[in-house]
Structure formats: C-alpha cells, structure tokens
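Trainee: Just the structure for this:
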Amino acid sequence: MASQLASRLVRLLAAIALVAAGAGASAQPRFGLSPEAYAVFNRWMLASCIGGDERELAASLRQYAQPLTSAFQQAIAQGPSAAELADVRTGAEARYAERAKFPLSEFRIAGVSEQDLARFNRVSRQEYVDDQVKRFAAGYRSNAVAGLGVIGTPAARAQLTRIAGNPRDPLAAAAREALKTQQR
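Mentor: Prediction:
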C-alpha cells in the first residue's frame, strides 16, 4: 500500500515537473524583448516562489530595467500567453487525473474534517482545471507587479502607484507591497 502511494506521488510530481519544464521550453519571446531579457523575464514570471538566488535575479531584472518595465506593464494588461495557459490547463488536467486515482477512503487523514474531504471529492475536473488556470493567471500578473517593484524605474513606480490607488483592482495589495519594498 505504501509503495503504491509512493509510486502515485512520484508520478504526480513527475507530471508537475514536466508541465513546468514545458512551460519554459515552449515559451517564445514576447513584448519585443531580446532573448537575454526575455530569459530573465520568463524566469521571474513563471517562478511560483523565488528562493536562493533572489539577489542574483533582482540584479538581472535591474540589468534590463527599461525593456522589462515595459514588458511587466504589458504582462499586467495582457496576462499569460495562450500557450502558457494551455500548458497550465494540460498540467492541471494531468494533476486532476492523478488526484482522482488517489483512494482517500483507504487512508486515515488527520487534521482535515469530513466536510473538507467531501468538498475535495466533489470538485469536478472542469472546476479544478479552471481554478488552476485562474490562479496561474492571477499569479502571473502579481509576479509582473512584483517585478516592477524590484526594478523601481520611475515608470514602474508610477504604474504601481496607479494600481495601488485603485481599491477595485485585484492587484492593488500586491502593488502596495511592491512599493513598500522600494522604501526599504
């Protein structure tokens, strides 16, 4: 039983890694960036969490400050490309398929209520996939906001100030945080 669980988890992690690698590999330069600037942009935008080399990546962002300011502004307005969304959708469908195979009823799960488990089991494939795509798109735009905060050009600060000042903008909180990082 434990080996089956481990095998399923390994397959799930492999599927996630494949989708993440495919997202980077299938990406084409956008927003008129040079290949070098796009590599930095893409690394920043597709990172779910940045760890270990934050200073190096921040320095790379600042190295291409002018073109990346424009690219981040466009990314906020346009969101991820159709290819990136398709990659996320494909990955989410694979994760849902693996998740659906996982026999929750065969394991004692501590710390999760029966209602939460039932809600987990009721989520349809479409709901799950749509939620994952929506989260990716929101995170993509949020990463663009954070990128503007790191770069800190006058145009970046102006955009962040506009976003932060609009309480109806879903990126307002991220923009306020990005502005705070410039003040440190």
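Trainee: Which element is encountered next along the chain beyond the lowest-mean-pLDDT helix or strand in the chain?
Mentor: Every helix and strand in the chain was compared by mean pLDDT, DSSP states H and E; the lowest is helix 2-25, with a mean of 43. As assigned by DSSP states H and E, the chain's next helix or strand after helix 2-25 is helix 35-45.
Trainee: Show me how far that following helix is from its chain's centre.
Mentor: Remark: helix 35-45 is offset 14 Å from the chain centroid, using Cα atoms, centre = their mean, to the nearest Å.
Trainee: by contact count, what packs against that helix?
Mentor: On a contact count with 3 or more Cβ pairs under 8 Å, 6 or more residues apart in numbering; DSSP states H and E, helix 35-45 meets helix 54-63, helix 65-78, helix 125-151. Quick note: C-beta positions are derived from backbone N, CA and C, even for glycine.
Trainee: helices or strands next to the last one in the packing?
Mentor: Here helix 125-151 is seen to pack against helix 35-45, helix 54-63, helix 65-78, helix 82-101, helix 154-164, helix 172-183 when contacts are counted using 3+ Cβ pairs under 8 Å, 6+ apart.
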